[in-house]
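Chemist: Sharing a sequence plus its predicted fold:
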Amino acid sequence: MYELVNGIVAIIVGCFFYNVATKKPTNFKSESLYADWVFRNGKLLKVCGGAMIVLGVFRVFQVLL
């Protein structure tokens, strides 16, 4: 059970990371600071987000199969 929840959480966190790295901010006080931060860290978040999604899917399939 723990491994299944761990895989689902990894997928959710990976989607959040990828979403933060690719979406334009909407309700931030300082959109320019957010845009600068994403410019500096966006590539890392995209890679980490994708890796977390893939590892989460592998974890879920490992538990279910």
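Modeler: Yes, it's here.

Chemist: And the top helix by length along the chain, what does it pack against?
Modeler: If you go by DSSP state H, the chain has its longest helix at helix 31-64. If you count contacts as 3 or more C-beta pairs under 8 Å, 6 or more residues apart in numbering; DSSP states H and E, helix 31-64 packs onto helix 2-22. The way it works is simple: take the backbone N, C-alpha and C, and place the C-beta from them, glycine included.

Chemist: follow-up on the earlier one: angle of the longest helix of the chain against helix 2-22?
Modeler: Per axes from the mean of the first three to the mean of the last three C-alpha atoms, to 10 degrees, the angle that helix 31-64 makes with helix 2-22 is 150 degrees.

Chemist: Can you list the low-confidence ranges for this structure?
Modeler: 24-28 (pLDDT under 70).

Chemist: Please spell out which residues along the longest helix of the chain are buried.
Modeler: By 16 or more other C-beta atoms under 10 Å, the buried positions in helix 31-64 come out as 38, 45, 48-49, 52-53, 56, 59-60.

Chemist: May I see those arranged in JSON lines, with distance to Tyr2 as well?
Modeler: Output for the buried residues of helix 31-64, formatted as JSON lines (distance: C-beta to C-beta, whole Å):
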{"residue": "Val38", "distance to Tyr2": "33"}
{"residue": "Leu45", "distance to Tyr2": "26"}
{"residue": "Cys48", "distance to Tyr2": "22"}
{"residue": "Gly49", "distance to Tyr2": "23"}
{"residue": "Met52", "distance to Tyr2": "17"}
{"residue": "Ile53", "distance to Tyr2": "19"}
{"residue": "Gly56", "distance to Tyr2": "14"}
{"residue": "Arg59", "distance to Tyr2": "10"}
{"residue": "Val60", "distance to Tyr2": "12"}
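
Chemist: now, among those residues, which is nearest to Ile12?
Modeler: Distance to Ile12, by C-beta to C-beta, is smallest for Gly56 among the buried residues of helix 31-64, at 7.9 Å.

Chemist: Good, wrapping up.
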